[in-house]
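Peer 1: Kindly return the folded structure for what I paste below:
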Amino acid sequence: MPMGHLKTIEDDHRETNTVELMAGIGRSARAAAHALSLASAGTKNLAIRKAAETIRARADDILAANARDMASAKANGTASAFLDRLALDGPRIEAVARGLDDIAALPDPVGRVLATFERPNGLLIERIATPLGVIGVIYESRPAVTADAGALCLKAGNAAILRAGSESFFSSTCIHECLVAGLAAADLPTAAISLVPVRDRAAVGEMLGGLGGNLDVIVPRGGKSLVARVQAEARVPVFAHLEGIVHVYIDRGADLGKALSIVCNAKLRRTGICGAAETLLVDQGCAATHLAPLVKMLLDAGCAVRGDEATRAVDSRVTAASEADWRTEYLDAIISVRVVEDLDEAIAHIERCGSHHTDCIITENQAAAEHFLKEVDSAIVMHNASTQFADGSEFGFGAEIGIATGRMHARGPVGLEQLTSFKYRVHGTGQTRP
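Peer 2: Modelled structure (predicted):
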């Protein structure tokens, strides 16, 4: 498809009233959701696999669209971490397509019998997994979210309304066209995965208002300001995390080699993702042997270190950490480092400064690990593993629509199972209530 097509999508709607546009998208999505709730697993899987085929076939178009987005972002002085999330290349496009294939291969979550029980009066009651309905996803720089979110919603029998950020507009539009091609190939309504075709910020406000009752849940994927706005203004339920202030705690029972490897990966593999480590806590009991090598490794790898007095004492390149640093999600090659007295002080620091996203302990002491895993109240807690595993695909979910840090319905990576609700089926033989 020629690139000129992408150029005209927004122009075609420039004069459209945003309220009317979004209301129409909501109504169409609701109708599509009903059709999806009745679709077979085979039909949904066909749509997803055909979308993956189309993404591979149109890789050059997607790269050209992404080049437009990248050029605009660079011209606007966008930060390097943001550019990393926006950028696509051949391997990343293949990873997007492979992620869709993985989703198609997963068991269908709809119609699962979650529980069965019989009452003394003979009533047989079943709890059955059902789709949530219509899911709105508001995201910023990651164009791959278009594919992940669309396919996950589809597989779980939900219609999706996707609102990409203006910086990823062309990339997301091209990927969305591939999803629509998959829907058409499976004879499913193309409104099952809708992409808001305008960059007008008023479209977000309409989604937060619920689109006249046609939107059942919203998932924000983006920076703190976006997520905070969604949580403050949404009139429908929200699956969200506000920040990923991720901690790695080096317990006094930690193996140094293991600690060096895990911390390097947790911080530096990709600095701009929500599972990247932002604060390193080192137990006083091992600081004499572990602190200096860890700090040197980070600094030598190009990571800025902001530390407390004890951390600054081991390397002159460390700068002083302010109180704000302990509560900062850098999303960059920066980490704050602090020495703590013991495991309990580490847990207290995480509770005070963390965001309940992902936190990790590195130790060979199983009792310490169990204490940490029990006491730290985060969506994901880890022992001796990189926090960059905080990802739906790494959990075997195929992909994720986001990571939720709340405590209602969904927590942690939001995959297929979390995109369903349930209903009760009651089977009787003529019973009446006295």
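Peer 1: Next up, identify which helix or strand Gly26 is on.
Peer 2: helix 18-38 (DSSP states H and E).
Peer 1: what about that helix, distance to the chain center?
Peer 2: 24 Å (C-alpha atoms, centre = their mean, to the nearest Å).
Peer 1: And the average pLDDT for that helix is what?
Peer 2: Averaging pLDDT along helix 18-38 yields 95.
Peer 1: elements contacting that helix?
Peer 2: If contacts are counted by 3 or more C-beta pairs under 8 Å, 6 or more residues apart in numbering; DSSP states H and E, helix 18-38 sits against strand 124-131, strand 134-139, strand 159-163, strand 193-195, helix 202-208. Backbone N, C-alpha and C define where each C-beta goes, glycine included.
Peer 1: buried stuff in that helix?
Peer 2: Neighbour counts over helix 18-38 (16 or more other C-beta atoms under 10 Å) mark 18, 21-22, 25-26, 28-33, 35-37 as buried.
Peer 1: Same list, the residues you listed, but as CSV with distance to Thr289 please.
Peer 2: As requested, the buried residues of helix 18-38 are exported to CSV (distance: C-beta to C-beta, whole Å):
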residue, distance to Thr289
Thr18, 60
Leu21, 62
Met22, 59
Ile25, 59
Gly26, 60
Ser28, 62
Ala29, 58
Arg30, 61
Ala31, 64
Ala32, 60
Ala33, 58
Ala35, 62
Leu36, 57
Ser37, 58
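Peer 1: related to what we said a few turns ago, other residues contacting the helix holding Gly26?
Peer 2: 13, 44, 110, 130-131, 133-134, 154, 157-161, 188-192, 194, 196-198, 200, 202-203, 206-207, 211-212, 214-215 (C-beta atoms under 8 Å, 6 or more residues apart in numbering).
Peer 1: mean confidence for the next helix or strand after it?
Peer 2: Toward the C-terminus, helix 18-38 is succeeded by helix 41-57 as the next helix or strand (DSSP H and E). Across helix 41-57, pLDDT averages out at 98.
Peer 1: got it, and stretch 401-409?
Peer 2: The model assigns stretch 401-409 a mean pLDDT of 77.
Peer 1: now do stretch 364-371
Peer 2: pLDDT averaged over stretch 364-371 gives 98.
Peer 1: circling back to that earlier point, any chance of the helices and strands packed on helix 18-38 in CSV, plus distance to Leu294, mean neighbour count and mean pLDDT?
Peer 2: Formatted as CSV, the helices and strands packed on helix 18-38 follow (distance: least, C-beta to C-beta, whole Å; neighbours: other C-beta atoms under 10 Å; pLDDT from 0 to 100):
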stretch, distance to Leu294, mean neighbour count, mean pLDDT
strand 124-131, 45, 17, 96
strand 134-139, 34, 28, 95
strand 159-163, 41, 28, 97
strand 193-195, 44, 26, 98
helix 202-208, 42, 20, 94
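Peer 1: For Val339, find the nearest of those.
Peer 2: Nearest to Val339, of all the helices and strands packed on helix 18-38, is strand 134-139, at 37.6 Å by C-beta to C-beta.
Peer 1: Okay, and the closest residue to Leu256 other than its chain neighbours sits in which element?
Peer 2: Counting by C-beta to C-beta, 6 or more residues apart in numbering, His290 is the residue found nearest to Leu256 once chain neighbours are left out, at 5.5 Å. Secondary-structure assignment from DSSP H and E places His290 in helix 287-300.
Peer 1: Could you list the buried residues of that helix?
Peer 2: 287, 290-291, 294-295, 297-299.
Peer 1: Does that helix pack against any helices or strands, and if so which?
Peer 2: Helix 287-300 packs on helix 256-268, strand 277-283, strand 304-307, helix 309-312, strand 334-340, going by 3+ C-beta pairs under 8 Å, 6+ apart.
Peer 1: Tell me which of those lies nearest to Arg221.
Peer 2: Using C-beta to C-beta, the nearest of the helices and strands packed on helix 287-300 to Arg221 is strand 277-283, at 18.3 Å.
Peer 1: can you give me the angle that closest one makes with helix 256-268?
Peer 2: Calculated by axes from the mean of the first three to the mean of the last three C-alpha atoms, to 10 degrees, strand 277-283 forms an angle of 150 degrees with helix 256-268.
Peer 1: if you average pLDDT over strand 277-283, what comes out?
Peer 2: Here strand 277-283 scores 98 as its mean pLDDT.
Peer 1: which residues are contacting it?
Peer 2: Residues outside strand 277-283 that contact it (C-beta under 8 Å, 6+ apart): 244-252, 254, 263, 266-267, 290-291, 294, 298, 311, 326, 328-330, 335-343, 346, 349-350, 353, 360, 387.
Peer 1: Could I get the CA-only coordinates of that strand as PDB?
Peer 2: Extracted in PDB, the C-alpha atoms of strand 277-283 (Å, rounded to 0.1, in the frame of the first residue of the first chain):
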ATOM      1  CA  ALA A 277      15.700  -1.400  37.800                       C
ATOM      2  CA  GLU A 278      15.800   2.100  39.100                       C
ATOM      3  CA  THR A 279      17.100   1.700  42.700                       C
ATOM      4  CA  LEU A 280      19.800  -0.700  44.000                       C
ATOM      5  CA  LEU A 281      19.800  -1.500  47.700                       C
ATOM      6  CA  VAL A 282      22.800  -3.100  49.200                       C
ATOM      7  CA  ASP A 283      22.800  -4.800  52.600                       C
END
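Peer 1: Just checking: what are the partner strands of it?
Peer 2: strand 246-250 (parallel), strand 334-340 (parallel) (DSSP bridges).
Peer 1: how about those strands in a markdown table, adding distance to Ser378, mean pLDDT and mean neighbour count?
Peer 2: Below are the strands paired with strand 277-283 laid out as a markdown table (distance: least, C-beta to C-beta, whole Å; pLDDT from 0 to 100; neighbours: other C-beta atoms under 10 Å):
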| stretch | distance to Ser378 | mean pLDDT | mean neighbour count |
| --- | --- | --- | --- |
| strand 246-250 | 9 | 98 | 28 |
| strand 334-340 | 17 | 98 | 24 |
